[in-house]
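J.: With the input below, show me the fold.
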Amino acid sequence: MHIGDTWLEAPEGCRMEDLRVAEIAGLHRYAPVQGLPALLSAVARRVERAQGVETRPNDVLVTAGATGGFGAVLGAVCAPGDEVVVCGPYWPLITGIVRGAHAVPVVVSVLGLRDDAAAFVAALEARCGDRTVAVYINSPNNPTGDVYAAEVMRGVVDLARRRGLWLLSDECYEAHVYSGAHTPLRTLAPERTFSVHSFSKAFGMAGNRCGFVVSPAGLTEHLRKVSLHTFYATPTSAQHAALRALNGAGDAFAARARVEYAALAREAAMALGVAAPASGTFLFVDVAAQLARLRLTLAELLERLADEGVLVAPGPSCGPFPTHLRLCFTACPPEQTRRGLAICARILAGAEVA
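T.: A predicted model of the protein is given here:
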């Protein structure tokens, strides 16, 4: 349960086994660097419909997952020594990608502030300096499942405009919101927002390595210069699978997954005695009290869980959270997840696991 994935297979008709050379010319050839034209158009139509902002195919870059997307964005907007304010808890890979662009991640904890715009913005502004060029914000959030309030997002936009900052919006969990409403940053500030999306989470295609970035008008070419020299082009087969998902098969899958994930979220939260997340596929659990009672360090607790066959991610992988655990309740089939949760609950209670 240490990695964000799903036991569900991708939608029928969108799997690798469904792609045939006889039906798809050039299936094993390089795709265009920016992306298949049909996929760029399909993404642009979907994003424009969802966000209400004019979106052209040329505003879209198809990437090797969200990871490749953020690498392209940060390589384009950062100079060596620039700073990127990173809202934490955060997706574990983002700080490494910032460093890979020779920039400096400045982590700001916004835990517990999802509905407090004034405190949220004040926390960010206190860490902005002369070298700050961008703010990274992940809503719906991995790992907490928080969906930041619209007023929070408007406050972040106001801050970015005052200081002339880029906004890096991680929206990979937009398809899995169970309560509340997701406010895409691009609807508020299209001129400075790079929104990054993934087919991995929405359609169960993590292994395909396919995502996309929507850039402010006229800026995609700068991202393309970076992507050309890193992953060159997103795998051709993955793009065809993504196109099939956008052409209808994926929506039914996402709707079904959202219902099943929401039920599992409630069940997992109940098993560990925490509040159910508003979105996503993770629980972010503060075990400070249990560590103190059991006289364990976080590393020792992780080892004890691993000895019983349960792998979870340490909170510090998501920021300055030394007493938290992150666990994914969709990575394994539900029955296996229930067994893992039971082991977690027993160990945290100080009981021996049979």
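
J.: average pLDDT for the helix or strand that contains A345?
T.: Counting by DSSP states H and E, the element that carries A345 is helix 334-349. The average pLDDT for helix 334-349 rounds to 96.

J.: Residues in contact with that helix: which ones?
T.: Here helix 334-349 makes contact (CB atoms under 8 Å, 6 or more residues apart in numbering) with 1, 7, 264, 267-268, 271-273, 287, 290, 294, 301, 304-305, 308-310, 312, 327, 329-332, 352-353. The way it works is simple: take the backbone N, C-alpha and C, and place the C-beta from them, glycine included.

J.: And the helices in this structure, which stretches?
T.: Using DSSP state H, the helices of the chain run over residues 37-51, 65-77, 94-100, 117-125, 150-163, 199-203, 220-228, 236-244, 250-272, 288-294, 298-307, 334-349.

J.: quick one: low-confidence ranges for the stretch 1-150 of the chain?
T.: Scanning the stretch 1-150 of the chain for pLDDT under 70 picks out no residues.

J.: As a check, name the ranges of all strands in it.
T.: With DSSP state E, counting those that start in this stretch as the criterion, the stretch 1-150 of the chain has strands at 60-63, 83-88, 104-109, 132-138.

J.: In JSON lines, list those strands along with mean neighbour count.
T.: JSON lines is the format used below for the strands of the stretch 1-150 of the chain (neighbours: other CB atoms under 10 Å):
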{"stretch": "strand 60-63", "mean neighbour count": "28"}
{"stretch": "strand 83-88", "mean neighbour count": "25"}
{"stretch": "strand 104-109", "mean neighbour count": "19"}
{"stretch": "strand 132-138", "mean neighbour count": "24"}
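
J.: roughly how far apart are A306 and A276?
T.: For A306, the distance to A276 equals 26 Å [CB to CB, to the nearest Å].

J.: Which one's more surrounded, these two?
T.: A276 (17 against 12; other CB atoms under 10 Å).

J.: Is it correct that that one is in contact with Y261?
T.: No: counting by CB atoms under 8 Å, A276 stays clear of Y261, with 11.0 Å between them.

J.: so what's F194 closest to, chain neighbours aside?
T.: Here the nearest residue to F194 in space, its sequence neighbours aside, is V73; by CB to CB, 6 or more residues apart in numbering that works out to 4.7 Å.

J.: ah, wrong one, I meant Y232
T.: In space, Y232 is closest to V33, 6.7 Å off (CB to CB, 6+ apart).
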